Each structure stands twice: as structure tokens, then as C-alpha cells.
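>>> Pasting the sequence and the predicted model now:
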Amino acid sequence: MTNVLELRGITKRFPGVLANDKIDITLREGKILALLGENGAGKTTLMNILYGLYKPDEGQIIVHGKEVQIHEPNDAIKSGIGMVHQHFMLVPVMTVTENVMLGVELTKNGMFLDHDKVAQRIHEISNQYGLEVDPHALIKDLPVGIQQRVEIIKVLYRNANILILDEPTAVLTPQEVEGLFKILETLIKAGKSIIFITHKLKEVMSVADDISVLRLGRMVGSIDPKEATPEKLATMMVGRDVNLIVEKQPAQPKETSLEVKNLFVRDERQNLTVNGISFEVRKGEVLGVAGVQGNGQTELVYALTGLLPIDSGEVTLLGKPIHHNTPRQILESGVAHIPEDRQRHGLILSFPIHDNLMLCTYYKEPFARGVSLQQKAIFSNAEELVKQYDVRTPNIYVNAGTLSGGNQQKVIVAREFSRPIELLIASQPTRGLDVGSIEYIHKQIIKKRDEGTGVLVVSSELDEILALSDRIAVMYKGQIMDILDANKVNKEYLGLLMAGIHPSETMGKK
Amino acid sequence: MSETVSPKKTKQEHERSTSLRQELLIPSLAVISGLIIGAIIIAVSGASVVDAYGALFKGSFGSLSEFIAGIKSFTATGDQTELLKAIYPFTESLVAATPYILAGLSVAIGFRCGLFNIGAEGQLLIGSLCAVFVGYSVKSLPAFIHLPLSLLAGAAGGAVWGMVPGYLKARFGAHEVVNTIMMNWIAFRLSDWLLSGPMKSPGFRPVTQNVLATAELPRFFAAPLRFNWGFVIALIVAYGVYWFLFKTTLGFEIRSVGANPDAAKYAGMNIIRNFVFVMALAGGLAGLAGATQVLGVDHWVGQGFSAGYGFDAIALALLGKSHPFGVVLAALLFGFLRSGATDMQSMAGIPIDIISIIQGLIIVFIAAPDIIRWIYRIRTAKKDEMVLTRGWG
């Protein structure tokens, strides 16, 4: 069996950081290599080098036994390397055909775009690899899973035989993930080779032929999927033993903390995205809201925290209505919010850590006396929280933007947990975080629950929902499909609900 | 992340001093580069660079030999005239810098909140008209009431002029760039009308009356030196703005809204209220710039009073990186250039416009710092460039 791609001794330094340190990787022909590592381990840097976006300081890239120089993405494409980015590079208002031909436009009569020929070719690719898609559909009308197919078609259209998929499952439902894995199988059968970048351990084991693990810019080692266990992989990734299962006692729910009745919310474009939902969160329990991203969860959280006005309905916190309150009033009534987009809402990246740690309470004692900010109190608060929540930073004076994602999230958690709270709303609390940080944040959330706080966790990661929740609500198209006891459901059942199918219609509850 | 076990304090001090050096590096190099290219242009036009910059320097700082001679004559005879003549150029530079400081602060405070105040010119003009009106029309008040009242009138006039676009943005989402420009035009035409009609002094020229002596900002030296308390006020206000922005909760809100409005909203800040408040403050500062110019230097207002202070202020805010102290430094630089340029023209025969070219170059270099990084091979990874304003809408 031949190796289609070898990276030898790839080293890349950024000012002050060794992003890749003498990394060796081998991709066998017709196989799937999973590249596993925490955020910041250097996976993306390595792939960007391979795709010509960065230049390595040292090392060789060998494709089909020949050393190649890759200075820009075009060189990579010429060598048969194609990349499917985590964030799709598609123009939403253009058709599938136009997106596919973007950059390699076919023309007829010298100046007119040849849509038909490209569409024909897309058809061929679709049939060959089982990537069904309508070449004339607009990207914005397609679900995420199909958009991903378009990305894959784009790569195949450019005749790639080595495919790099960067975190391809992050935005998919469990069923869509299954679909993707089937596509990967077809691709492999057709002789393509694939590098699959991820930090999800179970996926790796089900799909990979080889596994390579990166940590802190170094190659930790390779392992045969047959011998791998999630625990083993996690330990390799993090460098220490990790507890993958959140240890928790059964919940002790008390009185109602948050009650939502018949809530309707419009998003910023005035589309009705939360479509009449009702639920309650009791003190001392975790209600998990599962669902594929974009089914109204974001707007639900924005409405609960006052960031979006509600259309109609009622929200009460400890019996008091809060649905017409400002974000500040809601905050002051004891709602802590870990926002979905930590860089957009949660932090001011250009501000130092110490200012971010008092972002919601800057106007109160001890941080302010009258209008005058009390620097001493701000600093000592920051020093204390950084220590308590183990934020890895050189000091409290550096800007929040210099921290890694996990440490940024810790700053938010530290800030929100450091004031007295009645209700915790955590939206995608561990998105993009490494295993170590996930473990930490989950523990903190359960700790809050055990202190008697009501917790609402919104996540598109089913594993996270299952790990944290006492009860699970599944959202689909702005409505709640069902609210279930977390002990009595499994992933498949939830997956169907997430896809808008009520399992009771087709099969019995497991 | 380094594992060095250096004492915490020195490390943090070290980081702060390097970041300060970083902050100053690009602007300094921009100024130097502007002067070098200015020199090339002077040389190409056939004049002597040494003569030109010599005259520029002498015109802005004065000459050391004359200063020493002045001191000698003063100690020998008690006659001030020589000495005053020697410090005249320097004090004139400070006089020129005064409205620059205040107008620069006006634009800078807007930038800090993510707002682009192009209306400093109009706000300054309205401020000067309000100040001059109170200055000449309110009679028989003691100076300690009349002067502050006139200054306040200037600031209030500017504040109203700035608040209007602020309110329009907050209430209707109208972009402040468009509205401040429109407010400028309203201010220009309004002042034309006022100066040729209601506020016109007796006589032929479209100018106002002189303000009363009780409304004048006291001068430090005898005529013809015009150096006055306006400069001191500008410095105090600059410190005040610094304190306000960086040491108060209100300033923290403004900076938060400017740096990340979404996070500001999340933290419970009222973005709309901040927009109106900051535009009023910015207008007030520009109005105060007009007031100090009227009450300290000119004592009356005529057409073309402002002469572009409000537009240069945008450059000053950029050059000073929207930091009050940076604005003061930038304003001093522009003050020296502007006041030295006159001498350069009369003594070396270099057109005054070369100064505009140099100023323009400096601004280009500041606005596109990558040019400077490229010329001087500065290899700093830019981390968080401050976002001055965001896109339309």
C-alpha cells in the first residue's frame, strides 16, 4: 500500500509560539486519517501549511512520493489536495453551480459563463459519489448538511484526490453525521484519501483507519482505532487522565425558577423564530435544550436575557415577570448568561482581563464608588478569580483577545459565577473548547446546580446535553418537540426529534 | 506561554512600557517620514531644504540666540521687549495648538464610542458664535462670572449641535457621518446669515462686535503676544477627558460600546443613551475649542473663522490614537507646523501648502500603518488594532 501524502518534520513558528514542532504525518492511499487534538494543538496550522496558506519554516511535503512546494492554495489544488473548511466558503445568494465554478469558471464563446456544462459535471460527481444536490438551488435555501456536500463537490470538481475536512461534523445533526460518514465511505471506495480533523473522540473511532494525535504543536503519537478507547485518546490529547463522564448525583429539583409560557420571538430580520414555546426550569435541576443549530435556540436565549424583545408570551423568574425588562434588570434579578458567541457578546477582546471580569458589575461596589472606578478592587477581584477558576494567562493586564478559547470561556464563567445568581443560562458553553476545558466547565455547571441554581443549557452537541441535563427539551423550527426525562432517552431517539420527526409515530420509545 | 519565573511586577511593568513604546513608535515614524518626503518635495521644487526647515523650526520655536539675547537685555535693563519677541514664535505655536487640542479631543471621544464625528467644524463654529454672543451682549457682569458663562455658552452650543446627529442615530438609526456633515453645512450657512444680519457689528464687514473685556481669556504677556489661559484650559480639559474615559464608570461604558457594542448590550449598558451622550460631549468639546479661540485670541467672529480646525481634528484624533494625551501631542505638532509655516513662506519662500502636504502624508501613514511597518521593517504582530468606526448602518 502506498502513501499518498507525507509530511516530514514540519515546523512553524509564530512570534513567541511554536505552532508546529517537527511534525510527521502519513496518509495512506484510500484511507481516512483522523487528526485529533485540542484547540490550539496545531491541527489547523498544519492543515493551512498543507493547503498553502502558511509557509512552513522547516520540513517537507511529499505527494505521491515526490516533494512538492506549496506556496498558495492553487499549488495545493494542482497537487490534488482539496480542503473543506469548518466555516463554509460559499456565497449564499449564488446557485450551487455558480459556487462550484467560482475561481475556475468555464466559459463558452470566449466570454459567457457555461452554466450548463458545470451543472452537468456536478451531476456526474453527484451520481458518482452519492452527493445528491440540485445544481440550480441557491445556497441560502439549502440546509447545512447539503451546503457541506456542495463544499465537497467543489473540492472534487477541482479533481482533488486528497481531501482535508476541518471539523466537518460540528454543524450537523446525528443523522446528518451518519450521512456524511456514508459519503466518506463512497469517496474512499473511489480511491480518494481523506484527512479528517476533529476533537470528537467517538467519531474518530467509528470512521478512521489511522489516528494521529497532536498536542501543543507536537505529534503525540499514532494509534490504531481498534485499540483506541475514548479515555485513551483523551489522555493522549490532554496529556493527563480526563474524566469524560460528568459525575453527578440525581437532581433535587425545588421550586420553579424560570417559567416560560407561550413565548413568541422574532429575530433581527423579523422572522418568527421562536414559535410559541412553554417550559419551566426548577431550582437545582438542569434543563437541556437540544436541537440543530438555527432552530430558534439562539433567539430563545436572547429573549430570556433581554437582548431581543419578545413578540408575545410570558417569562417569569421566581414568580416575577421579566419579559419586558432590560438586559440590566434581568441581570440584576440574578440571571447569569454564558453567551453562545463568547467573542461577540461575552467579552471585549481589546480590553484587559481585569475589565472583562467586572463587565456586568462595573458600576457597583466595590468596583465603583459613585462614578469613580476603583482600580484596586478591580485588580484584586481579577487576581482572585483568575486563580480560583484557573485561567491560564501571564497576568490580568493582557487583553482577553490574547487568551485561548478555553481560557476566554473560563473568564466568562468566572465573571458570571462570581455574583449571586438564581438562574444560569448557558448557551453552547463548550463550543470549540478542548476536552480539558469541557470537563472543567461541565463540573462548574453541575456545581451551580447542586448549590440550588436553576440551569438552562442550550447546546447542539448531543453528548453535552446528555451529560449535563436532568430533563431534555428538543427544539425544532421554533417549537419544542418534546420534553423528556434525561434518564429515559437515547441519542437516536433525540436525533429523530431534532430532525422534526416524532418517534412515537414510527416506533416505540426505547 | 513562557514558563519564566520572573517577579510579577517587573514583568507587568515591562509589558506596559513596551506597549507604550509600541503605541508611540508608529506615530513618531509617521511624522518623521512625512517630514522626509516633505523635504524631497521641497528639494524637487528647487528650494533649499535646510533653509525651508530652518525657517519652519525658527517660526515655530523661535531661535535660541535671540532668546539668550532677550534674557540678557531683560536682566541688564529690565526691558522685556527683546525677550517677548524671542518667545513670540513659541507662544504663537501654543496658541495655534489650543483649538487643535480641544477639537481633537472632540473627535477622539467619538472614536472611543465607535462614532465618527465629522461635525467638529460646525460644532466649533456654533460654539464660537454662542461664546461671542454672550461675550458682547451680556453686559455689566464681573469677569469671574462673565468669562465662565461665555465659555459655557460655547460648549453648550457645540453640545446641542453634536447632540442632534447623536439623537438622530439613536432614534432613527441615521448614520452620524452623514448627519454631522449636514450639520456642518447648516452651521456654515447659519453663521453666514448671522454675521451679515442679526449679529453683524455696525460697519461694512460681516463680523461680530468684539467681546467685552470681562469675557476675554486673560493673556499671560503684553501685546502682541496672544498666549492666554485658553491653552491651560485645553490641557486641563484633556486631563479631564482622560480621567473621564479611563477612570469612571461612564467612560468605561463609552469605551465598551465603542469596542464591542454587542458585549456592551449583554452587560446591560444602554447603547443608544451612550451615543447621544457622547455626541453631546464631543460637540461640547468642539464648541469649547471655538469659545477659547474667540475669547482668548480673536475676540470677534468673522466669516471663515474656523479655517478647518474641525477637519484637522479628525487627523489629530487618528494621530493621537484617540487617547487624550496622544491628541495633545499631535495638536502641539500641528500647532508648531501651522505657526512655523508662515515663517517658512515669508523667509524661505516655500508655499505654506507644503505643510498641508506634510500633514496629509502623516495622516496617510497613520491611517495605513502597514506602510510604516513595511518601510521600517517593523515585525510586530498586530494584535488588537482599535476599531475606530464600523460600517454604514
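That came through fine.

>>> use CA for all of it now, contacts and neighbours both
Noted.

>>> So which bits of the strand or helix carrying B:Pro89 are buried?
Using DSSP states H and E, the element containing B:Pro89 is helix B:81-112. The neighbour-count check on helix B:81-112 (16 or more other CA atoms under 10 Å in any protein chain shown) flags B:82-112 as buried.

>>> Chain A next: which of those residues are close?
Contacts with chain A are made by none of the buried residues of helix B:81-112, judged by CA under 8 Å from any CA of the partner chain.

>>> so where do the helices sit in the stretch 51-200 of chain A?
A:73-78, A:96-101, A:115-129, A:144-157, A:174-189 (DSSP state H, counting those that start in this stretch).

>>> Between the ones you listed, which one is closest to chain B.
Among the helices of the stretch 51-200 of chain A, helix A:73-78 comes nearest to chain B, with 23.1 Å by CA to the nearest CA.

>>> could you say what helices and strands that closest one packs with?
With contacts defined as 3 or more CA pairs under 8 Å, 6 or more residues apart in numbering or on different chains; DSSP states H and E, there are no secondary structure elements packing on helix A:73-78.

>>> distance of B:Ile41 from chain A?
The gap separating B:Ile41 from chain A is 38 Å, by CA to the nearest CA, to the nearest Å.

>>> Check B:Arg226 too.
With CA to the nearest CA as the criterion, B:Arg226 and chain A are 37 Å apart.

>>> Report the distance from stretch B:354-369 to the chain centre.
For stretch B:354-369, the separation from the chain centroid amounts to 16 Å (computed by CA atoms, centre = their mean, to the nearest Å).

>>> So which bits of it are buried?
Result for stretch B:354-369 [16+ other CA under 10 Å]: buried residues B:Ile354, B:Ile355, B:Ile357, B:Ile358, B:Gln359, B:Leu361, B:Ile362, B:Ile363, B:Val364, B:Phe365, B:Ile366, B:Pro369.

>>> Make TSV out of the helices of the stretch 51-200 of chain A and add distance to B:Arg205 and mean pLDDT.
Converted to TSV, these look like this (distance: least, CA to CA, whole Å; pLDDT from 0 to 100):
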stretch	distance to B:Arg205	mean pLDDT
helix A:73-78	69	88
helix A:96-101	67	90
helix A:115-129	71	89
helix A:144-157	71	89
helix A:174-189	80	87
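
>>> just these: most buried one?
Scoring those by mean neighbour count under mean count of other CA atoms under 10 Å in any protein chain shown gives helix A:96-101 as the most buried, with a mean of 24.

>>> for that one, packing partners?
Using 3+ CA pairs under 8 Å, 6+ apart, helix A:96-101 sits against helix A:115-129, helix A:144-157.

>>> how far is it from where the chain is centred?
A distance of 26 Å separates the centroid of the chain from that of helix A:96-101, by CA atoms, centre = their mean.

>>> ok, and what's touching that helix?
Residues outside helix A:96-101 that contact it (CA atoms under 8 Å, 6 or more residues apart in numbering or on different chains) are A:90-91, A:115, A:118-119, A:122, A:134-139, A:150-151, A:153-154, A:157.

>>> Need the CA coordinates for it. CSV is fine.
The C-alpha coordinates for helix A:96-101 follow below in CSV (Å, rounded to 0.1, in the frame of the first residue of the first chain):
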residue,chain,number,x,y,z
VAL,A,96,-24.7,25.7,-6.4
THR,A,97,-23.3,25.7,-9.9
GLU,A,98,-22.0,29.3,-9.5
ASN,A,99,-20.4,28.5,-6.2
VAL,A,100,-18.7,25.4,-7.6
MET,A,101,-17.3,27.1,-10.6
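
>>> what about B:Val178, neighbour count?
Neighbourhood size, B:Val178 [other CA atoms under 10 Å in any protein chain shown]: 15.

>>> Report the separation between it and B:Gly283.
16 Å (CA to CA, to the nearest Å).

>>> residue contacts, B:Ser191?
If you count contacts by CA under 8 Å, 6+ apart, B:Ser191 has them with B:Leu125, B:Ile126, B:Leu129, B:Gln303.

>>> about what we covered before: CSV for the buried residues of stretch B:354-369, including distance to chain A?
Shown next, in CSV, are the buried residues of stretch B:354-369 (distance: CA to the nearest CA, whole Å):
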residue, distance to chain A
B:Ile354, 37
B:Ile355, 35
B:Ile357, 33
B:Ile358, 32
B:Gln359, 29
B:Leu361, 28
B:Ile362, 25
B:Ile363, 24
B:Val364, 24
B:Phe365, 23
B:Ile366, 20
B:Pro369, 18
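
>>> Where is pLDDT lowest across the residues you listed?
When these are compared by pLDDT, B:Pro369 scores lowest at 78.

>>> That residue against B:Ile26, yeah?
Yes: with contacts counted by CA atoms under 8 Å, B:Pro369 reaches B:Ile26, the gap being 6.9 Å.

>>> Going by contacts, tell me the helices and strands next to the helix or strand hosting A:Phe279.
Assigned by DSSP H and E, A:Phe279 belongs to strand A:272-282. When contacts are defined as 3+ CA pairs under 8 Å, 6+ apart, strand A:272-282 packs onto strand A:256-266, helix A:297-304, strand A:454-458, strand A:479-485.

>>> which neighbours does it have in its sheet, and in what orientation?
strand A:256-266 (antiparallel) (DSSP bridges).

>>> B:Ala174 and chain A: what is the separation?
Applying CA to the nearest CA, the value for B:Ala174 to chain A is 18 Å.

>>> what about that residue, which SS state?
coil (DSSP: H, G, I helix; E, B strand; the rest coil).

>>> ok, B:Gly230 - contacts?
B:Val95, B:Thr98, B:Leu217, B:Thr292, B:Gln293, B:Gly296.

>>> Adding pLDDT as columns, could you present these in CSV?
Below are the contacts of B:Gly230 laid out as CSV (pLDDT from 0 to 100):
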residue, pLDDT
B:Val95, 95
B:Thr98, 96
B:Leu217, 92
B:Thr292, 96
B:Gln293, 95
B:Gly296, 94
